[in-house]
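> Fold the following and give me the result.
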Amino acid sequence: MNMNQTRRDFLRLSAAGVMATSLSGWMNVLAGRAAESGVKPRKSCVLLWMDGGPSHKDTFDLKPGTDNGGEFKPINTSVSGIQISEHFPKLARLMDHGAILRGMSTSEGAHARAKYNMHTGYREGQGGLVYPSIGSIVAAELGDPKFALPNFVSIGARSYGSGFLGPRYQPLTIANAARGVENLKAAVDEQQFNDRIGLLEEMEAGFYKDYKAGSIEAHQTTYHRAVDLMKSKEIKAFDLSQEPEKVRAEYGSDPFGQSCLLARRLLDVGVRFVEVSLGGWDTHQDNFERVKTLSAKVDPGMSALISDLKSRGMLDDTLIIWMGEFGRTPKINSKGAKPGRDHYPKAWSTVMFGGGIKGGQVIGKTDKEGATVEERKISTIDFMATVCSILGIDSNKVNQTPIGRPIHIVDKGAKVVKELLG
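Here you go, the predicted model:
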């Protein structure tokens, strides 16, 4: 029995009230099972993707008192000496579980290229390949191949996919967390459905025997995944109505908060990587009002996710990443009536919680204007290698492309941010 099963046993027993009468006895049994297994639990990851590039100076690296410091006040957190935006009051109380990386410095300043770079660790077009995203890498390295649900689920927007790893590790995309996965019920009875699937398999097998086209294999993988999903008991994880109203309210009633709740439900049943997207951070104009509004969505949803996982004993096994594709300019632009900030990959911030990292710290430092990294610069490949290391993935592992080219999970030269490692 592995550690994840042991943890789930504990939670199920707690919910059933068993622990109230025999806590010490069951704790000894479960601890014994964990020790006998000798296997570390496989970790999971939630990527909270802030699409458009959030302003570091208005979120996690405020520069009050400077010419372009902005309109927001810094507030103290649960960790002495660490301050963040006043619009993250709930998150501030959880800072002892998290770390702010203020030394991000990357090379891509255009949205599409920067998103690709931060999802894959490679530059778009590099080597003429389509590279797998971090979600697909986690699905391939940590996911159970027999698991009925996809090991990579993207909520709120279509994410970057599996690249040369193939269709097995493509994300399942959920447009709306409240609606879950739609059209999963077959239009005919079970026997007719199985007969039709059998007929389709016979036809494709014959076609593949004659032509051996890769597209046929890809199609087979896709519909097999769909059928497995339709028949799985884990599909109930997508039904948010099963959650108590109090819990749903804690996450926030907006789509982002409910998506964070869905992410937690998917982690509960064993999904390894969930991406939740929140757009609107491309604040060339009206930066301050928009960042304030967006922060008010992030704060309850992200905080509830951290607290919920902590209460369930899952936070140390789940890495939560808050990030976008780059930061915003330290200088406020004067375009239009409402000032904004432009693209800025030279110096920006990401945030991590859980996953067994050393929390309660800031890593990296920008200058007084937030324009350059003065301490602990972190590149794209450094960041990707660090995420892999936290999750227990060998970033130096080589995958083979369909034509036999060896490609490292993370490109050579990466330096892991060891200050994060517990």
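> Can you tell me the closest non-neighbouring residue to residue 178?
Once flanking residues are discounted, residue 178 sits nearest to residue 258: 5.7 Å by C-beta to C-beta, 6 or more residues apart in numbering. The way it works is simple: take the backbone N, C-alpha and C, and place the C-beta from them, glycine included.
> need the contact list for that neighbour.
Listed by C-beta atoms under 8 Å, 6 or more residues apart in numbering, the contact set of residue 258 reads 177-178, 240, 248, 251-252, 301.
> now residue 273
Counting by C-beta under 8 Å, 6+ apart, residue 273 has contacts 44-47, 134-135, 138-139, 142-143, 151-153.
> residue ranges for the strands of the stretch 201-350 of the chain, please.
273-278, 318-323, 327-328, 343-344, 348-354 (DSSP state E, counting those that start in this stretch).
> For the fourth one, which strands pair with it and how are they oriented?
This points to strand 343-344. Paired neighbours of strand 343-344 in the sheet (DSSP bridges): strand 327-328 (antiparallel).
> neighbouring contacts of the strand it pairs with?
Here strand 327-328 makes contact (C-beta under 8 Å, 6+ apart) with 53-58, 104, 283, 287, 341-345, 347-349, 370.
> Is residue 362 in a helix, a strand, or coil?
Recorded secondary structure, residue 362: strand (DSSP: H, G, I helix; E, B strand; the rest coil).
> what pairs with it across the strands?
Counting by DSSP bridges, residue 362 is bridged to residue 100.
> Please look at it and residue 103 and confirm they touch.
No: at 9.3 Å, residue 362 and residue 103 do not qualify as touching, with contact defined as C-beta atoms under 8 Å.
> Out of the strands of the stretch 201-350 of the chain, which is closest to residue 110?
Counting by C-beta to C-beta, residue 110 lies closest to strand 343-344 out of the strands of the stretch 201-350 of the chain; the figure is 7.4 Å.
> ok now the closest one, how far from the chain's centre?
22 Å (C-alpha atoms, centre = their mean, to the nearest Å).
> before we move on, what about stretch 43-60?
With C-alpha atoms, centre = their mean as the basis, the mean position of stretch 43-60 lies at 10 Å from the chain mean.
> what about it, start to end distance?
26 Å (C-alpha to C-alpha, to the nearest Å).
> Compute the number of surrounding residues for residue 129.
Residues lying near residue 129 (other C-beta atoms under 10 Å) number 15.
> same deal with residue 338?
Here the number of neighbours of residue 338 (other C-beta under 10 Å) works out to 13.
> can you pull the contacts of the residue nearest to it when sequence neighbours are not counted?
Nearest non-adjacent residue to residue 338, counting by C-beta to C-beta, 6+ apart: residue 286, 4.0 Å away. Listed by C-beta under 8 Å, 6+ apart, the contact set of residue 286 reads 338-340.
> how far away is residue 286 from residue 120?
As judged by C-beta to C-beta, to the nearest Å, residue 286 and residue 120 stand 31 Å apart.
> Then residue 67?
Per C-beta to C-beta, residue 67 is found 37 Å from residue 120.
> Who has more neighbours out of the two?
Legend: neighbour count by other C-beta under 10 Å for residue 67 and residue 120, higher for residue 120 (26 against 9).
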